[in-house]
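In: please work out how this folds:
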Amino acid sequence: MTQISILGCGWLGLPLAKSLIAKRRSVNGSTTSENKLQILKDAGINPFLVTLECESISETVIPFLAKSEILIIDIPPKLRATNSDTSDSLRKVFVEKIKTLIPFIEQSSVKKVLFVSSTSVYGDENDLITEETIPNPETESGKQLLLAEALLQKNENFETTILRFGGLIGEDRHPVKFLAGKENLENPDAPVNLIHQNDCINIIEEIIYQSKWNEVFNAVAPFHPTREEYYTQKAKEQGLVLPKFNNQKSNIKKIISSEKVENSLNYHFKLDVC
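Out: Sure thing, here's the model as predicted:
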């Protein structure tokens, strides 16, 4: 039985671990919260308290990685700029964390790494985006993710697949809740590029089961109504105050293609961005 380690059992990592266990996989899961260790244990996950910093990492990372062939890295950058921060210092935070982690991966039994990234690495392009599109991140999180991707991809001690998700949604998470009632929203004609949590989990599992390593995949639901159409409809369905868009502020036409996921993995999206 192949053992899998998931660094970051949060909103996506925890249900992913549960799904893998249901399919008879052994899973080591990490959290930064002692209070969550029992939650992981109750779910059948081998729990580890792992704290990753720029220049240090918990010694528990060694048993966390031990005997695992596959490592899934699902830790968000979580950048919060302050007045004293510079772009370089912000970007360095996440990248340095990955640099700190890599030697421990090299010394472990891990041979395959799946890095959960984001389509934010492409910036606000006015085009159809595929895996062949040259990334052009505009946000600090997008820039740091791209640098982290490169660190992992160039390492010859293990094979790395990069999985770039669009906006994440699920039963307990939907961007319309944050947009409801807001006014003067930009880019009403921009297409949405979202993906449901269930599809995220299914795609990760397919990459593992089909052994698709040293690859890059974009993953969003192949359903791209405009922001105004989509969020207005979702606000109505959930009984929320309708968001108001500024039609004079519209310039982004980016559509993320998931054609490679559909063709290479023979994957059929189970959910539109509901």
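
In: what residues does the spatially closest residue to Asn202 that is not a sequence neighbour make contact with?
Out: In space, and not counting its chain neighbours, Asn202 is closest to Lys270: 6.5 Å by C-beta to C-beta, 6 or more residues apart in numbering. In this view, the C-beta of every residue, glycine as well, is placed from N, C-alpha and C. Shown in contact with Lys270 (C-beta atoms under 8 Å, 6 or more residues apart in numbering): His196, Asn198, Asp199, Asn202.

In: from these, list just the buried residues.
Out: His196, Asp199, Asn202 (16 or more other C-beta atoms under 10 Å).

In: could you tell me which of those residues belong to helices?
Out: Asp199, Asn202 (DSSP state H).

In: where do the strands sit along the stretch 1-150 of the chain?
Out: Using DSSP state E, counting those that start in this stretch, the strands of the stretch 1-150 of the chain run over 3-7, 26-31, 46-49, 70-73, 112-118, 128-129.

In: for this structure, name the helix or strand with the lowest mean pLDDT.
Out: Ranked by mean pLDDT, DSSP states H and E, the weakest helix or strand in the chain is helix 87-106, scoring a mean of 83.

In: which residues are in contact with it?
Out: Contacts of helix 87-106 (C-beta under 8 Å, 6+ apart): 7, 52-57, 61-62, 65, 71, 73, 75, 77, 79, 81, 113, 140-141, 143-145, 147-148, 151-152, 155, 157-158.

In: now a PyMOL select for only the buried ones of those residues.
Out: Restricted to buried positions by 16+ other C-beta under 10 Å, the PyMOL selection for the contacts of helix 87-106 reads:
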select buried, resi 7+52+57+61+65+71+73+75+77+113+140+141+143+144+145+147+148+152+158
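
In: Ile252 and Asp124 touch, don't they?
Out: Yes - the criterion here is C-beta atoms under 8 Å, and Ile252 meets it with Asp124 at 5.0 Å.

In: no further questions, thank you.
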